[in-house]
Structures are given as C-alpha cells and as structure tokens.
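Novice: How does the following fold in three dimensions:
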Amino acid sequence: MELSNYKRIVIKIGSSLLIDEDRSLNTEWLDSLIDELVSLKEEGHEVLIVSSGAIALGGNYFGISKSEMKLAEKQAAAASGQIILAHAYQELFNKKAHKTAQILLTLDDLNNSGRYQNASNTIETLIELGVIPIINENDTVATEEIQYGDNDQLAAKVCELVSADCLILFSDVDGLYDDDPRENPNAKLIKRVEGITPEIEMLSNKTKTEYGSGGIETKIKAANICLKAGCNTIIANGLNKRPISIIKNTDQHTIFIANYNE
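Specialist: Residues are numbered from 1 along each chain as shown. Below is the predicted model:
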C-alpha cells in the first residue's frame, strides 16, 4: 500500500518484539527497524514512536521475571527499564544522524485538558525541530495502565493528540484473522476493515506472550479509537525483516479504514 498518503505516522512497538529470549533488548531487530523509520522520515513523513518494553527490561536488570512481579515491582522495574530503553533508541538513532526525545505519558495525562495541551505543544515542537518523539507509558506512576494492554490504546490516544494520519501496530502475526492462526492453519487474514462491528470484535483473541500484555483484542480497541479520530490503523507483523517495506509492497496486513473512502 502507499504509505506516501500519510504525512504523520505513529509506530507502536510492543514488548514481544523488543525483548529477546534471554530477556534483553533485541538490538539487532530494533536497529533494522530504525533503518526503515529513518527512511520514512527522510521521505518526508513525520514519525512518532510509542514503545513498550520498560518493565521487561527493568525486570531483567533486577533479575525478576515480569510474570512474577507485583505492581510495585513493575513500577520500580519501569524506572530502570525506561533508562535502558531511551538510551538504546537515542544511541541507534544517533548512529543515523537523527535526534530523539523521550516523553512519558499516562492515560490520565491525556484526559486532563491542561496536561493534554502541554503534551501536544511539546510533541509539535519536537517535530518542528526534526526530533523523533519516543513516547513511553509512565509506568512508574501509572497503575491501571500497566494492566491496560501493552500501550496499544495509549498509541491510539497519541494519534488523537497529534492528529496522526496512520497508526501502525506491530504484532507477532500478520494482522486480524477469521480464526486464531496459531491453532488453525487455514485461518484467513482479513486485509481490510471498514468499521468495528460486533463480528469484528468477536474475532479478537487474547493470545499473549511472556512479555507483551496486549493481543489482537487491544489492537481492535485501539483501531476503534483511531477510526473515530479519522486515522487509519494498520496491524502488521513486526517479526518480518524490514516490516515497513512489506507494508509498502504487499497486502499481508490488516488495514482499518477511517471514513471508508480509500
């Protein structure tokens, strides 16, 4: 599909893609993805990133499995993991001569008119300066959000905040299927969705990984938020090598169409 139609693109990267089997940051994968994000930016797109991973990385740093952590331990892990994550993004983008900035948000921030406007002003200023915003959920102070869905819905709220044209949600499957592809090899990929109907909601599954708390269910909820804001949503397989190129050159993803006019 033509990503050239979108000026402002929000990319959401989940924990299940960022974290290696040894519970460390998958730097090789992230570096490859950043190559593609830099290309998008150099093509004239405005790129924003919403990234998970802080709790898992902090837990690894502390030597505690995320699945074993209590809420306070998750918040403490996030405090360390956010440093690791922000440094990794900054280092990898610096290698490609692009600057980044970290913004920590909670859903409460986006429901408060004053903080909402402040966040909007900051992000717009960063974009004007040519800096790539890296947005993380502020898990050190949030509680509900830690259990809320791996930042999918935060990413959708960010799209509202910045009037984005497109949200790309990277998953570990190609998109929305008519059945769980892990259990049914004949499951068919639904490539285009024009509205969140009860039938579409019923297709959501709650498949989870050790590190990610989201699933297709949270991505459908995120897409619904974006559709109401006039923003298209793409669910695509982030495990693929050069996933942005695959989105551009194939139809192996699901796109939720806002306004149904494409």
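Novice: So the closest residue to residue 65 other than its chain neighbours, which state does it fall into?
Specialist: Of all residues not flanking residue 65 in the chain, residue 59 sits nearest, at 6.4 Å (CB to CB, 6 or more residues apart in numbering). Where C-beta positions appear, they are placed from N, C-alpha and C, glycine not excepted. Of the three states, residue 59 takes helix according to DSSP: H, G, I helix; E, B strand; the rest coil.
Novice: And for residue 59, the neighbour number?
Specialist: 25 (other CB atoms under 10 Å).
Novice: With the one 4 residues further on instead?
Specialist: One way to gauge burial is a neighbour count; for residue 63, by other CB under 10 Å, it gives 7.
Novice: wait, what's in contact with it?
Specialist: By CB atoms under 8 Å, 6 or more residues apart in numbering, the contact set of residue 63 is empty.
Novice: Give me the pLDDT value at it.
Specialist: Looking at residue 63, its pLDDT stands at 93.
Novice: That one and residue 80, how far apart?
Specialist: 11 Å (CB to CB, to the nearest Å).
Novice: just to revisit the earlier point, the residue nearest to residue 65: what's it in contact with?
Specialist: If you count contacts by CB under 8 Å, 6+ apart, residue 59 has them with 23, 65, 66, 69, 73, 74, 77, 81.
Novice: how does it look with 10 Å?
Specialist: The contact partners of residue 59, taken as CB atoms under 10 Å, 6 or more residues apart in numbering, are 19, 23, 65-69, 73-74, 76-78, 80-81, 211.
Novice: Would you show me how to pick out the buried ones of those residues in ChimeraX?
Specialist: Remark: buried members of those, expressed as a ChimeraX selection using 16 or more other CB atoms under 10 Å:
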select :19,23,66,69,73,74,76,77,78,80,81,211
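Novice: I'd like to know which of the contacts of residue 59 is nearest to residue 9.
Specialist: Set against residue 9, the nearest of the contacts of residue 59 by CB to CB is residue 19 (23.5 Å).
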